[in-house]
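Trainee: next one to model:
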Amino acid sequence: MKRRMERGIERSVGTLCLVAACVVALGLCGAATAATAPSLPSVICATCGDGGTGWTGCTTQTEEHGASIPLIASVRHYLVVSYCKHFGIITSLAIAAHGCDVGGLVGCSVGPAWQTGGGVGAGFATFEAHATWVVNLPPFYNNHDTLDLTIPVG
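Mentor: Take a look at the predicted model:
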């Protein structure tokens, strides 16, 4: 009986040691992760390299022009660009939408849109987009519209 009690105590102590070792190991892993995890920057910088202090995340940016004659015609030309940055450096970039919203006696024909500068690997990007507005009422006015969108450094 005494031997059985000693074995039970040995097992309990062994189990406790194993549990304690696991807790310590997990604690060390958590501390190592916390020590090496990058902090999110809150400062915008002018030139950001790897490990810089620029913005990190993904978002969209919109540029638009519009015009209207109340109760007769309205038009809105827009360009939407989606992008992601890591420490201020663009990691992905795309034109998400380019179009026109119209109402009344006006039409809009969307033309080309393209990237004109910067881009993936840089801290900024620029875009240009074109459209033509046509007022369907004498004197049949046409307007060639150009949008310039800039994703700023930071």
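
Trainee: CA atoms for contacts and neighbours, from now on please.
Mentor: Fine.

Trainee: what about the helices in the chain?
Mentor: Taking DSSP state H as the criterion, the chain contains helices spanning 2-36.

Trainee: so the closest residue to G117 other than its chain neighbours versus Y83, what's the distance?
Mentor: Taking C-alpha to C-alpha, 6 or more residues apart in numbering, and ignoring the residues beside it in sequence, G117 has T126 as its nearest neighbour in space, at 5.0 Å. T126 sits 12 Å away from Y83, taking C-alpha to C-alpha, to the nearest Å as the criterion.

Trainee: these two - which one has more neighbours?
Mentor: Neighbour comparison, T126 and Y83: the larger count goes to Y83, with 20 against 16 (by other C-alpha atoms under 10 Å).

Trainee: distance of that one from H130?
Mentor: Distance, Y83 to H130, using C-alpha to C-alpha: 21 Å.

Trainee: ok, T53 next?
Mentor: Using C-alpha to C-alpha, which is the criterion applied here, T53 is 35 Å from H130.

Trainee: give me the beta-bridge partners of the residue lying closest to C58 once chain neighbours are set aside?
Mentor: Among residues not flanking C58 along the chain, C84 sits closest, at 4.0 Å (C-alpha to C-alpha, 6+ apart). Residues in a beta bridge with C84, per DSSP bridges, are C58, S92.

Trainee: what's the pLDDT at C84?
Mentor: According to the per-residue confidence, C84 scores 97 in pLDDT.

Trainee: same check on A96?
Mentor: Here, the pLDDT recorded for A96 equals 97.

Trainee: ok, T62 next?
Mentor: With respect to pLDDT, T62 scores 97.

Trainee: what pairs with it across the strands?
Mentor: Legend: beta-bridge partners of T62 under DSSP bridges are V80.

Trainee: L79 is in contact with that one, correct?
Mentor: Yes. Taking C-alpha atoms under 8 Å as the definition, T62 is a contact partner of L79 at 5.7 Å.

Trainee: between these two, what contacts are shared?
Mentor: L149 (C-alpha atoms under 8 Å, 6 or more residues apart in numbering).

Trainee: those two - which one has more neighbours?
Mentor: Residue environment comparison for T62 versus L79 gives the larger neighbour count to L79, 23 against 15, counting by other C-alpha under 10 Å.

Trainee: enumerate every residue touching the residue nearest to the more buried one when sequence neighbours are not counted.
Mentor: Take L79 and drop its neighbours on the chain: the residue closest to it by C-alpha to C-alpha, 6+ apart is H98, 4.5 Å away. For H98, the contacting residues are H77, Y78, L79, V80, V110, A113, A129, by C-alpha under 8 Å, 6+ apart.
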